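*Asks:* I'll drop the sequence and a predicted model, then ask my questions.
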Amino acid sequence: MSVMLKVCDETTSGEKGPEFTIDFLTETISVRDLIRTRVYQEVSDYNSRRQRGRSEVYRGLVQPREAEKVLGGYQLPRERVLDWNEQCDAACDAFSSGKILVLVDDRQAEALEETITVRADTRVSFLKLVPLVGG
């Protein structure tokens with residue numbers, strides 16, 4: 001039996017993006033598992049839409065290399081299949097360097113190997129931090 005985790009993205013001003021769910025096979029996961037599963041799902045969805053001829057922006061956790069930030073996501077300069085492993089490594093690096101915060105029930109996760117117990121009411125928010133201009 002799988003468990004569903006409710007996830008959303010947040011901004012530093014408190015705005016929340018649409019909520020989505022991620023399925024896991026076990027109730028206990030690590031932050032790394034959470035990031036890995038999220039990135040795999042969003043890259044797979046993007047690549048699938050791309051193969052069906054739908055050209056659109058990538059709405060993922062981290063910016064793909066060579067992509068330009070645009071309203072609502074990232075625009076790749078040329079159509080290509082995204083590598084989920086590359087995106088996962090970039091997302092884990094962003095978490096480790098403090099560019100992305102993971103909030104589990106409003107408590108900040110501190111390490112990739114930290115354990116999360118997924119319950120019916122567990123909520124996860126990803127908060128992308130933007131560097132200050134000049135700093």
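*Replies:* All right, it came through fine.
*Asks:* From here on, just use CA atoms for contacts and neighbour counts.
*Replies:* Will do.
*Asks:* Mind telling me what element I22 is part of?
*Replies:* Assigned by DSSP states H and E, I22 belongs to strand 20-24.
*Asks:* what comes up buried for that strand?
*Replies:* By 16 or more other C-alpha atoms under 10 Å, the buried positions in strand 20-24 come out as 23-24.
*Asks:* Can you name the element that comes right after it?
*Replies:* strand 28-30.
*Asks:* All the helices of this structure, in order from the start?
*Replies:* Applying DSSP state H to the chain gives helices spanning 31-51, 84-96.
*Asks:* so where's the longest strand in this structure?
*Replies:* The longest strand of the chain (DSSP state E) is strand 3-10.
*Asks:* how far off strand 20-24 does that strand point, in degrees?
*Replies:* Between strand 3-10 and strand 20-24, the angle comes out at 140 degrees (axes from the mean of the first three to the mean of the last three C-alpha atoms, to 10 degrees).
*Asks:* Output the contacting helices and strands for strand 3-10.
*Replies:* Applying 3 or more C-alpha pairs under 8 Å, 6 or more residues apart in numbering; DSSP states H and E, one finds that strand 3-10 makes contact with strand 20-24, strand 123-128.
*Asks:* gap between the residue minimising distance to the centre of the chain and S2?
*Replies:* Residue closest to the mean C-alpha point of the chain, counted by C-alpha atoms, centre = their mean, is L61 at 3.5 Å. Distance of L61 to S2, given as C-alpha to C-alpha, to the nearest Å: 23 Å.
*Asks:* returning to that earlier point: can you list the helices and strands packed on strand 3-10 in a markdown table and add mean pLDDT and distance to R38?
*Replies:* Listed next are those as a markdown table, based on pLDDT from 0 to 100; distance: least, C-alpha to C-alpha, whole Å:
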| stretch | mean pLDDT | distance to R38 |
| --- | --- | --- |
| strand 20-24 | 93 | 7 |
| strand 123-128 | 94 | 11 |
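*Asks:* The ones you listed: which one's closest to E10?
*Replies:* Among those, strand 123-128 comes nearest to E10, with 5.0 Å by C-alpha to C-alpha.
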